[in-house]
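>>> Provide a 3D model corresponding to the input given below.
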Amino acid sequence: MKTLGILLSTAGLAGVGVLTFAAAAPAQAAEAATCSGARSIASAPMLRDHKPPSWGTVRLVRDSCSQYWAEISMASPVVANAKANAFVVQYGGGNDGRVLSCDSSGGNGSVIQGQRTCRTPKVKGGSGITFAAIGREYHNYGGGYEEISENATKRTR
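Residues are numbered from 1 along each chain as shown. Coordinates of the predicted model:
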């Protein structure tokens, strides 16, 4: 009988944890819903050897909650043995120099065969903090992926 009491009280504590977690999730969803107005605040063309034509665009994006992220959009779907990635770079604040890519937790993964776009996780901005977006395109000629193009937006907030 004592074991049953311990089991039930443990289950009750676990239930409280589930309730606490469940209450936090709607709050995060509500915040995400109120952070509208995502807009591109800087962009740069993706060029090979820094010459036209453009193969895509890298953008720095901000929403109404001062969250920033980078997006890359390739002009056409990426072919086999190629990939592309976007990076958001933070300048200033406690995370000065932080670089996050589409492959970072919260991003949606680098652009691979058949895809055109990816985005990095969102980063909260603040006073005196600026951001830039970097786009890189890679190709694997048999010896691993090598960068074939890169461009960056200007630093802004």
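
>>> only C-alpha atoms from now on, for both contacts and neighbour counts.
Noted.

>>> give the buried residues for stretch 42-58.
42-48, 56-58 (16 or more other C-alpha atoms under 10 Å).

>>> wait, stretch 108-116
109-112, 115-116.

>>> ok, back up a step: out of the buried residues of stretch 42-58, which is nearest to residue 93?
residue 42 (20.5 Å; C-alpha to C-alpha).

>>> okay, the residue nearest in space to the middle of the chain: pLDDT?
For the chain, the residue nearest the mean C-alpha position is residue 120 (1.3 Å; C-alpha atoms, centre = their mean). Residue 120 carries a pLDDT value of 98.

>>> state the mean pLDDT of stretch 69-82.
Taken as a whole, stretch 69-82 has a mean pLDDT of 97.

>>> which helix or strand lies directly C-terminal to the lowest-mean-pLDDT helix or strand in the chain?
Ranking every helix and strand in the chain by mean pLDDT, DSSP states H and E puts helix 2-34 at the bottom, with a mean of 45. Using DSSP states H and E, the next helix or strand after helix 2-34 towards the C-terminus is strand 39-48.

>>> give me the contacts around that following strand.
53-63, 133, 135-136, 148-154, 156 (C-alpha atoms under 8 Å, 6 or more residues apart in numbering).

>>> distance from the chain centre to the helix or strand just after it, please.
Next in sequence after strand 39-48, counting helices and strands by DSSP H and E, comes strand 51-62. Remark: strand 51-62 is offset 16 Å from the chain centroid, using C-alpha atoms, centre = their mean, to the nearest Å.

>>> and the helix or strand just after strand 51-62 with strand 51-62, angle?
Later in the chain than strand 51-62, the nearest helix or strand by DSSP H and E is strand 67-74. Strand 67-74 and strand 51-62 are oriented at 150 degrees to each other (axes from the mean of the first three to the mean of the last three C-alpha atoms, to 10 degrees).
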